[in-house]
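1. Structure of the sequence below:
(chains A and B)
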2 protein chains.
Amino acid sequence: MEKSVSSSVIKRLPRYYRYLGELLSLGIERISSKELSQRMGITASQIRQDLNCFGGFGQQGYGYNVEYLYGEIAKILGLDFKYKAILVGVGNIGHALTQNTNFEKRGFNLVGIFDTDPQKIGMKIQNLTVLDYKEIKSFIEAECPTMAILSVPRAVANQVANELYDMGIKAFLNFSYAELAKRDDVVVENIHLGDSLMRLCYKISEKNKDEV
Amino acid sequence: MEKSVSSSVIKRLPRYYRYLGELLSLGIERISSKELSQRMGITASQIRQDLNCFGGFGQQGYGYNVEYLYGEIAKILGLDFKYKAILVGVGNIGHALTQNTNFEKRGFNLVGIFDTDPQKIGMKIQNLTVLDYKEIKSFIEAECPTMAILSVPRAVANQVANELYDMGIKAFLNFSYAELAKRDDVVVENIHLGDSLMRLCYKISEKNKDEV
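-> Sure thing, here's the model as predicted:
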């Protein structure tokens, strides 16, 4: 596979994956870039260009084999690895994630949930029991999770991230609103709800200008 | 202002805004692109390029005036408008948003919260009372909100979005995991936690390849 696929292509891959999954569940075996384009609201040439980054799986006049493409994108995204993940901080976001997300379908296996609040420790969430954050070191040594979902308060986010880093965690899904310190051997995906609000604000303002 | 600023620049603007806000609160009056670069983990040339898109507010040898730049980015993002927003669907995400987000700082004024669940209707969230979704039409006619935060279950997301669209809402912050039908006169910002998991999975897989 080519290196240095642009981050905007990567951003779109999960959407392709979801759409192809829906097509599969509808029993659709093949699809043209044009049809996919209409469904996804992306231009057909953009789709061909995106998928070409990964070697291009389409055939002229036939289109894409949905199941094959679905499987290939899963491989590209690494979804078949099922990396072990832990969740640190059981707030509303933690609950929303555990209740609505099929982790396994997204490449992860949630193996532990931690909090410092005695009222939350011992709670059952899905098939897991919330553990005391004090136990996290021995848990990580035993289970070797790859990734931590950080949904702790902003004020302690970097401290917790540093502790987890020292225990061997090198990947974070960061909900904490704090910017984590940059490290070359760490990958981070930030979800910043406030930034999303600001981007939407920008889009509204731009649209209003167009209409004036 | 130039039109057609790239979406990746727009994506970074909220981060600039937050950093500049932190500098301001620390009493820092000016900053070079180099210093900003070190703090943000973005190259200095990228910063200059980004800010040039909006007319460039830096001066050689002086750097950027933090307060001025902060104000200009707020204007570009449209944060001074304080668009009226409503929240539809009081689940975990709705709670997380209302508890942790300063809407006013992000360009919005949250004026109404709606649900269909009798157990949630009447609840107090911040300074608002959760209203019955049945009342939303008259509420929208009276208050004319610009934006709706959609945190309803995926299965009803498009139906609710259609209803709100017919009532005049043309901007959505979409947490529902459903893809909203495309419309030319509607702006949408999607937050898809599952997609974020997949992107992180990709980053981990790529990093592992590099290390092999």
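
2. can you list contacts of the longest strand anywhere in chain A?
-> Ranked by residue count, the top strand of chain A under DSSP state E comes out as strand A:108-115. Contacts of strand A:108-115 with the rest of the structure, by C-beta atoms under 8 Å, 6 or more residues apart in numbering or on different chains, involve A:82-90, A:94, A:98, A:103, A:121, A:125-126, A:128-133, A:135-136, A:139, A:143, A:145, A:147, B:197, B:201. C-betas here are computed from N, CA, C, even on glycine.

3. buried set for it?
-> Residues A:Phe108, A:Leu110, A:Val111, A:Gly112, A:Ile113, A:Phe114, A:Asp115 are the ones in strand A:108-115 that count as buried (16 or more other C-beta atoms under 10 Å in any protein chain shown).

4. Please apply the same query to stretch A:129-149.
-> By 16+ other C-beta under 10 Å, the buried positions in stretch A:129-149 come out as A:Val130, A:Leu131, A:Tyr133, A:Ile136, A:Phe139, A:Ile140, A:Pro145, A:Thr146, A:Met147, A:Ala148, A:Ile149.

5. Likewise for stretch A:157-165?
-> Applying 16+ other C-beta under 10 Å to stretch A:157-165 flags A:Ala157, A:Asn158, A:Val160, A:Ala161, A:Glu163, A:Leu164, A:Tyr165 as buried.

6. Is any residue of it near chain B?
-> No: against chain B, stretch A:157-165 shows no contacts by C-beta under 8 Å from any C-beta of the partner chain, the least distance being 12.3 Å.

7. Kindly report the same for stretch A:11-20.
-> Yes: judged by C-beta under 8 Å from any C-beta, stretch A:11-20 comes into contact with chain B at A:Lys11, A:Leu13, A:Pro14, A:Arg15, A:Tyr17, A:Arg18.

8. Please apply the same query to stretch A:138-151.
-> Yes: for stretch A:138-151, a contact with chain B is found by C-beta under 8 Å from any C-beta, at A:Thr146, A:Met147.

9. got the CA positions of that stretch in PDB?
-> What follows is stretch A:138-151, C-alpha atoms only, in PDB (Å, rounded to 0.1, in the frame of the first residue of the first chain):
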ATOM      1  CA  SER A 138      -1.900  -3.900  37.400                       C
ATOM      2  CA  PHE A 139      -4.800  -4.200  34.900                       C
ATOM      3  CA  ILE A 140      -2.800  -2.700  32.100                       C
ATOM      4  CA  GLU A 141       0.200  -4.900  33.000                       C
ATOM      5  CA  ALA A 142      -2.100  -8.000  32.800                       C
ATOM      6  CA  GLU A 143      -4.300  -7.100  29.800                       C
ATOM      7  CA  CYS A 144      -1.900  -4.900  27.700                       C
ATOM      8  CA  PRO A 145      -4.600  -2.700  26.200                       C
ATOM      9  CA  THR A 146      -3.500  -0.600  23.100                       C
ATOM     10  CA  MET A 147      -5.900   2.300  23.500                       C
ATOM     11  CA  ALA A 148      -7.500   4.500  26.100                       C
ATOM     12  CA  ILE A 149     -10.700   6.500  25.800                       C
ATOM     13  CA  LEU A 150     -10.100   9.600  27.900                       C
ATOM     14  CA  SER A 151     -13.300  11.100  29.100                       C
END
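
10. Run the chain-centre distance for it.
-> Relative to the centre of its chain, stretch A:138-151 is centred 17 Å away, using C-alpha atoms, centre = their mean, to the nearest Å.

11. Strands along chain A, start to end?
-> With strands called from DSSP E, chain A shows them at A:30-31, A:64-65, A:83-88, A:108-115, A:124-125, A:128-132, A:147-150, A:171-174, A:187-190.

12. so A:Lys203 touches B:Val186, yeah?
-> No: in this structure, A:Lys203 is not within contact of B:Val186 by C-beta atoms under 8 Å, at 9.8 Å.

13. what is in contact with those two at once?
-> Joint contacts of A:Lys203 and B:Val186 (C-beta under 8 Å, 6+ apart) are B:Ala171.

14. who's more crowded, the two?
-> Using other C-beta atoms under 10 Å in any protein chain shown, the more surrounded residue of A:Lys203 and B:Val186 is A:Lys203, with 20 against 17.

15. For that one, give its distance to B:His192.
-> According to C-beta to C-beta, to the nearest Å, A:Lys203 and B:His192 sit 17 Å apart.

16. For stretch A:13-29, which outside residues touch it?
-> The contact list for stretch A:13-29 (C-beta under 8 Å, 6+ apart) reads A:31, A:36, A:39-40, A:47, A:50-51, A:65-67, A:69-70, A:73-74, A:76-77, A:79, B:179, B:192, B:194-195, B:198-199, B:202.

17. Just the pLDDT for A:Asn109.
-> What the model reports for A:Asn109 is a pLDDT of 95.

18. Okay, and the beta partners of it?
-> For A:Asn109, the beta-bridge partners under DSSP bridges are A:Lys84.

19. A:Asp195: what's it in contact with?
-> Contacts of A:Asp195 by C-beta under 8 Å, 6+ apart are B:Pro14, B:Arg15, B:Arg18.

20. Which parts of stretch A:10-24 count as buried, going by neighbours?
-> Buried-residue list, stretch A:10-24, by 16+ other C-beta under 10 Å: A:Ile10, A:Arg12, A:Leu13, A:Pro14, A:Arg15, A:Tyr16, A:Tyr17, A:Arg18, A:Tyr19, A:Leu20, A:Leu23.

21. Done for today, thanks.
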